[in-house]
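Novice: need coordinates for the below:
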Amino acid sequence: MNNVEKLKQFITDNKLEFNGGSGGDVNILALCGYACYIKATELDCLKAADSEDSDVNEEIDRVFDYAYNHNYAKFWETDKARKQYSF
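Specialist: Presented below is the predicted three-dimensional model:
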């Protein structure tokens, strides 16, 4: 399973829906953080989200960099992440 497929499975398993725009979206943050954990790219996130909403795509662009630069991948190594999300 490649990273895009893993991210699509993550979206499905956790019933994530995306809403762009100001204020962001906790589901986009989860997707991007998980992507960092599995060493996926921003492009992988965009492909997995498969959104025609430019606000969603812009939010992924913004949030992925933030998650990567702030080591959000570490969260996915915790028991809290395993309890909160299926992966």
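
Novice: helices of this structure, start to end?
Specialist: With DSSP state H, the ranges of helices along the chain come out as 3-13, 26-37, 42-49, 54-69, 79-84.

Novice: how far does the first one sit from its chain's centre?
Specialist: The chain centroid and the centroid of helix 3-13 are separated by 9 Å under CA atoms, centre = their mean, to the nearest Å.

Novice: can you check what angle separates that helix from helix 42-49?
Specialist: 40 degrees (axes from the mean of the first three to the mean of the last three CA atoms, to 10 degrees).

Novice: which helices and strands sit right next to helix 3-13?
Specialist: helix 26-37, helix 42-49 (3 or more CB pairs under 8 Å, 6 or more residues apart in numbering; DSSP states H and E). C-betas here are computed from N, CA, C, even on glycine.

Novice: could you pull out the buried residues of that helix?
Specialist: N3, V4, K6, L7, K8, F10, I11 (16 or more other CB atoms under 10 Å).

Novice: quick one: residues contacting Y68.
Specialist: For Y68, the contacting residues are C32, C36, by CB atoms under 8 Å, 6 or more residues apart in numbering.

Novice: quick one: it and E58, what's the gap?
Specialist: Distance, Y68 to E58, using CB to CB, to the nearest Å: 16 Å.

Novice: what is the burial count for the residue nearest to Q9 when sequence neighbours are not counted?
Specialist: Nearest residue to Q9, sequence neighbours excluded (CB to CB, 6 or more residues apart in numbering): M1, at 7.3 Å. M1 has 8 neighbours, counted by other CB atoms under 10 Å.

Novice: and the gap between M1 and D53?
Specialist: 26 Å.

Novice: same deal with N71?
Specialist: As defined by CB to CB, N71 lies at a distance of 28 Å from D53.
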